[in-house]
Structure formats: structure tokens, C-alpha cells
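[1] A predicted structure for the sequence below; I have some questions about it.
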Amino acid sequence: NLRAPTATATPTTSNQYWLGVNYQYNPALQLIAAAYHATVNQGYGDSNLFMLGANYSLSKRTLLYVSVGTLKNSSKNSFTIETGQGNIAGQNMNALYFGVSHSF
């Protein structure tokens, strides 16, 4: 439960829930799935985020990763997938992340 004080008498609160699953398909491939839900008081509604991803180990120190997600906002909510992005209330978002991670 997150709270943000506002100028109004009733502070804005948000209840957030999440569930994630990792599955090691084989020694090199890990599959990931997650679901997030947030509800905001004062009539702002709720948002749902779903994501799927995979990590593939090329070696002990090098990893390929990919994840795709979709965010569904209610008509008055404006959550974003990435911090720093602006979003219009009621607008949904999709995201794709991929890359290479190497440990030195």
C-alpha cells in the first residue's frame, strides 16, 4: 500500500500486487512470466501489466535477454511501463526490451 499526500483531505493510496514465475527450461534457457495489478483510490481505477521474457546464457559470463510487456490502464489511470515516460490517462502501453549482458 503506497501513500502520496496531496492538497486534498484524502491522501492518494495505491494497492499493488504482483506474481512472477521463472522456469529453467534447460541449462542455458530461462523463461519468465509476470503479472502486476495496481488499484488507486479516489476514483482513479486500476492498471494491469503482463510480461513475458527469456534469458539465454551464451557462457558463464554472457547472457542474451528479451522481454515484452503490455500495460492496460483504466480510463482515469496513467501508469507507465518505464519511469520518466509521460502517459495520458486511459492510454495503454507496450514495450520490448532486449540486449546482451556481460560480466567482467
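    The structure has been received and is ready for your questions.

[2] would you list every one of the strands in this structure?
    Using DSSP state E, the strands of the chain run over residues 2-4, 12-24, 29-40, 45-57, 62-73, 93-102.

[3] Quick one: closest of those strands to F79.
    strand 45-57 (4.4 Å; Cβ to Cβ). For every residue, glycine as well, the C-beta is placed using N, CA and C.

[4] Buried residues of the closest one, list them for me.
    For strand 45-57, the neighbour count (16 or more other Cβ atoms under 10 Å) marks 45-47, 49, 51, 53-55 as buried.

[5] Tell me which other helices or strands that strand touches.
    Where contact means 3 or more Cβ pairs under 8 Å, 6 or more residues apart in numbering; DSSP states H and E, strand 45-57 is packed against strand 29-40, strand 62-73.

[6] Could you export those strands as a markdown table, including distance to V100?
    Below are these laid out as a markdown table (distance: least, Cβ to Cβ, whole Å):
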| stretch | distance to V100 |
| --- | --- |
| strand 29-40 | 15 |
| strand 62-73 | 6 |
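
[7] can I get those in a markdown table with mean neighbour count and distance to F79?
    As requested, the helices and strands packed on strand 45-57 are exported to a markdown table (neighbours: other Cβ atoms under 10 Å; distance: least, Cβ to Cβ, whole Å):
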| stretch | mean neighbour count | distance to F79 |
| --- | --- | --- |
| strand 29-40 | 16 | 6 |
| strand 62-73 | 16 | 6 |
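
[8] Out of these, the one nearest N94 is which?
    strand 62-73 (5.0 Å).

[9] Now that closest one - C-alpha only, CSV.
    The C-alpha trace of strand 62-73 is given here as CSV (Å, rounded to 0.1, in the frame of the first residue of the first chain):
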residue,chain,number,x,y,z
THR,A,62,27.4,-13.6,-21.2
LEU,A,63,23.7,-13.5,-21.3
LEU,A,64,21.1,-12.6,-24.0
TYR,A,65,17.8,-11.3,-22.7
VAL,A,66,14.4,-10.3,-24.1
SER,A,67,11.1,-9.3,-22.5
VAL,A,68,7.8,-8.0,-23.9
GLY,A,69,5.1,-6.4,-21.8
THR,A,70,1.7,-4.8,-22.1
LEU,A,71,0.1,-2.3,-19.7
LYS,A,72,-3.7,-1.8,-19.6
ASN,A,73,-4.8,1.4,-17.8
